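S.K.: need a structure here:
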Amino acid sequence: MVSAMNKKSQLSIIENFFISEKETVIINQVNDEIRSFYLSIIKHYADRKNIKVNFHNDNETSRSENDLFGNDEIKILITNNTKKITEATNTNNKKIIFTDYKNYKKFNSKFNCINGYNFDLDLTFFIKDELKINNDELLHFCKNNPALLVSETSKYLINNNQYTKDQALLEEKNHILNIRKSIFENKRNFNIKELYLNIKKEVKYKKLSFLTY
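M.R.: Now for the predicted structure:
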C-alpha cells in the first residue's frame, strides 16, 4: 500500500522546485497525454508562484535565468537527445526537461526526477488533496484521459452539482482509435485499398477536429 507521503513525493518535487535553488527537474514523459498532465501540474504551481513558463525546442540553448523584465522564468525542454539534455543541465537557468525512460534512468541519480509511469498516484493526489475534489467518476475519467485534467476539474469546481464527464471528447478519441485499429488490420491483411482509405479518413477527421476548436 502506498502512503499519502509517497503519493505526494513526485508532485512535491515540482512544487518545491519553484522555490528551491535546484536548477533541473527531469520527467519521464511516457506519452503525449501523460506529458500534458504534468505540464498542467507545472502550470498550476507556476501560476501560484507567479512564475512564467517558457517552451524551448531542443535546438535552442538557454541564455539567462530571467527574462528581459527581470521576472522569474522556468524553461521547458522536450527532447530525447541525450547530448541536448547534458548541454541543458550544464546551464545555470531553471529548467524542466521531458524525455524518455532511457534518459530518465541515465540522469536519475544526478537530478530530481519524476517517473511518469506513476502518474496515476500523482493524479489521484492532485485531485483529492490539492484540489479537494472527491468524485470517483471524475477521478476515473481523468486517469483514463490525463490530458483532460484541467478541463474536467475546472468544470467540476465551477459547478460540481451538474458535473458530467466530457463525453464528446471521449467519443472523438474513441473514433480515432477505431480508425487506427482498422489501419492496423489493413496492414496486417495487406489490404492496400482499405488501408489508403482509412489513412485518408484519419487525416481528414483530424483536420476537421482541429478546425472545430
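
S.K.: quick one, domains of the chain?
M.R.: Taking automatic domain parsing as the criterion, the chain consists of the domains 4-122, 167-212.

S.K.: mean pLDDT lowest for which of those domains?
M.R.: Mean pLDDT is lowest for domain 167-212 out of those, coming in at a mean of 58.

S.K.: all helices for the protein, in order.
M.R.: 4-17, 32-49, 82-89, 101-107, 119-125, 136-144, 149-158, 167-188, 192-212 (DSSP state H).

S.K.: wait, doesn't residue 111 sit right on residue 24?
M.R.: Yes: the pair residue 111 / residue 24 is scored as a contact, 4.6 Å apart, by C-beta atoms under 8 Å. Any C-beta I mention is one placed from the backbone N, CA and C, and that applies to glycine too.

S.K.: can you list residues touching both of the two?
M.R.: Residues touching both residue 111 and residue 24 (C-beta atoms under 8 Å, 6 or more residues apart in numbering) are residue 89.

S.K.: out of the two, which sits in the busier spot?
M.R.: residue 24 (21 against 15; other C-beta atoms under 10 Å).

S.K.: so what's that one bridging to?
M.R.: With beta bridges defined as DSSP bridges, residue 24 has these partners: residue 95.

S.K.: for it, list the residues it contacts.
M.R.: 88, 89, 94, 95, 96, 97, 111, 112.

S.K.: who wins for neighbours among those?
M.R.: residue 97 (25 neighbours).

S.K.: pull the number of nearby residues for the residue nearest to residue 82 when sequence neighbours are not counted.
M.R.: Excluding its sequence neighbours, the residue lying closest to residue 82 (C-beta to C-beta, 6 or more residues apart in numbering) is residue 103, at 5.8 Å. Look at residue 103: counted by other C-beta under 10 Å, it has 21 neighbours.

S.K.: residue 103 and residue 84, how far apart?
M.R.: 10 Å (C-beta to C-beta, to the nearest Å).

S.K.: cool, residue 114 as well?
M.R.: From residue 114 to residue 84 the distance is 19 Å (C-beta to C-beta).

S.K.: how about residue 97?
M.R.: 9 Å.

S.K.: check residue 91 too.
M.R.: Going from residue 91 to residue 84 by C-beta to C-beta gives 11 Å.

S.K.: who has more neighbours, these two?
M.R.: Neighbours per residue (other C-beta under 10 Å) separate residue 91 from residue 84, with residue 84 holding more: 19 against 16.

S.K.: using CSV, write down the CA coordinates of stretch 13-24.
M.R.: Extracted as CSV, the C-alpha positions of stretch 13-24 are listed here (Å, rounded to 0.1, in the frame of the first residue of the first chain):
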residue,chain,number,x,y,z
ILE,A,13,9.4,17.8,-6.4
ILE,A,14,7.6,20.1,-8.8
GLU,A,15,6.0,22.3,-6.2
ASN,A,16,9.3,22.8,-4.3
PHE,A,17,11.3,23.3,-7.4
PHE,A,18,9.8,26.8,-7.9
ILE,A,19,11.1,28.0,-4.5
SER,A,20,14.3,25.9,-4.2
GLU,A,21,17.8,26.5,-5.6
LYS,A,22,17.6,23.3,-7.7
GLU,A,23,18.1,24.1,-11.3
THR,A,24,16.9,20.9,-13.0
